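Trainee: fold the following, please.
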Amino acid sequence: MGSGERIERQMTEIRARGHRPAVILGLLSMYTGPGELVPSAGLVKAVRALGLSESSTRTALSRLQADGSLVRHRDGRHTSYRLAAPVRKVLDGERERMLATEAPAVGRPLSLVAFTVPEANRDLRHELRTALAGAGYVSVFDGLWAATADRAERASKVLAELDVPSICLFRAEVDPLSETPPGFASPELARYRSRLAQFLDLYAPLCGSRLDDEQAYTARSGLSRDWFALIDPHPALPPALLADWPIDAVRDATNTVWRQTEAAGRRHFASLIADD
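Mentor: Predicted coordinates for the structure are as follows:
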């Protein structure tokens, strides 16, 4: 298979995953500056290029303007949008986290959440597990979730909002004197590792490849979508517990593809939003 065919195959797989209407916010954070207005017709065109319909895009624009994520500007019959400043600040921070090159700190204590939820209360169990995952925790054993200690504040806020009768948030360290190396084989961790491998299969082949403007736009949008779908490029666990995980490879591929698609992706976005 030639390089052109290989790249197009990767593009097809990236497009097939689809985008949610909230991609509008990502595009504006990636390709516009603070206060910069984008014509609504051009923004719809830019989103349609990623596979969303015009009707769903226009509905999303109205919803995002109503909830304060977007600011609408009208000049006669022309409507434009810009990203609200607070939302831009959050997205810029998330982008910095995505491109962080530092590995998790070695030797951090663990933040642990232990809980018991009766089988009869499945809804609460699901809500708790979803909330802990969103806070960066992963299940390491039944009823025991872990992350590095810097995530404890997030977990504390989550737990304060849920009425879980039997739960405890505490800190611990892996005993360095233990002769048995720690090992976690929970289904959640296995699925997490599998998602990392899928991410690499999709984006590592693009590193160093020559992409045209449209391909760069597709790859860059997909990369942002898929990275954030991971919640993080790695579970928030000390590196010693993830020795055989492809964390460095994910970090390198993310940075390489993101930077090599910047200029071309920006050109394509500009061409899409330009007045016809």
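
Trainee: let me know the helix or strand that the nearest residue to P39 once chain neighbours are set aside is in.
Mentor: Nearest non-adjacent residue to P39, counting by CB to CB, 6 or more residues apart in numbering: S80, 5.2 Å away. Using the backbone N, CA and C atoms, a C-beta is placed for each residue, glycine as well. If you go by DSSP states H and E, S80 is part of strand 78-83.

Trainee: pLDDT on that strand, on average?
Mentor: In this model, strand 78-83 carries a mean pLDDT of 95.

Trainee: direction included, what does that strand pair up with?
Mentor: strand 38-39 (antiparallel), strand 70-75 (antiparallel) (DSSP bridges).

Trainee: next, the buried residues of the longest one.
Mentor: Translated: strand 70-75. Across strand 70-75, burial judged by 16 or more other CB atoms under 10 Å covers 70-71.

Trainee: could I get that strand in CSV with only the CA atoms?
Mentor: Taking C-alpha atoms only, strand 70-75 is exported to CSV below (Å, rounded to 0.1, in the frame of the first residue of the first chain):
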residue,chain,number,x,y,z
LEU,A,70,-20.8,31.5,22.2
VAL,A,71,-21.4,35.2,21.8
ARG,A,72,-23.6,36.2,18.9
HIS,A,73,-23.0,39.4,16.9
ARG,A,74,-25.5,40.8,14.4
ASP,A,75,-24.7,43.4,11.7
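
Trainee: who's in contact with that strand?
Mentor: The contact list for strand 70-75 (CB atoms under 8 Å, 6 or more residues apart in numbering) reads 24-25, 28, 37, 61, 64-65, 79-84, 87.

Trainee: and A114, what does it touch?
Mentor: A114 neighbours (CB under 8 Å, 6+ apart): 143-145, 167-168, 170.

Trainee: at 10 Å what do you get?
Mentor: By CB atoms under 10 Å, 6 or more residues apart in numbering, the contact set of A114 is 141, 143-146, 166-170.

Trainee: PyMOL command for the buried members of the residues you listed?
Mentor: Buried residues among the contacts of A114 (16+ other CB under 10 Å), as a PyMOL selection:
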select buried, resi 145+146
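
Trainee: now, which of the contacts of A114 sits nearest V257?
Mentor: A146 (29.9 Å; CB to CB).

Trainee: state the phi and psi torsions of that closest one.
Mentor: phi -140, psi 150 (degrees, to the nearest 10).

Trainee: for E54, what are its contacts?
Mentor: Taking CB under 10 Å, 6+ apart as the test, what E54 contacts is 41, 44-45, 47-48.

Trainee: which of those ranks first by neighbour count?
Mentor: V47 (24 neighbours; other CB atoms under 10 Å).

Trainee: then that residue would be within a strand, right?
Mentor: No: assigned with DSSP: H, G, I helix; E, B strand; the rest coil, V47 falls outside any strand and is helix.

Trainee: so it versus L242, what's the distance?
Mentor: 36 Å (CB to CB, to the nearest Å).

Trainee: show the subsequent helix or strand relative to the helix or strand hosting R88.
Mentor: Taking DSSP H and E as the definition, one finds R88 inside helix 85-98. Following helix 85-98 in sequence order, the next helix or strand is strand 110-115 (DSSP H and E).

Trainee: now do the buried residues in the helix or strand just after that next one.
Mentor: Per DSSP H and E, the first helix or strand lying C-terminal to strand 110-115 is helix 122-134. Buried positions in helix 122-134, judged by neighbour count with 16+ other CB under 10 Å: 124-125, 127-129, 131-133.
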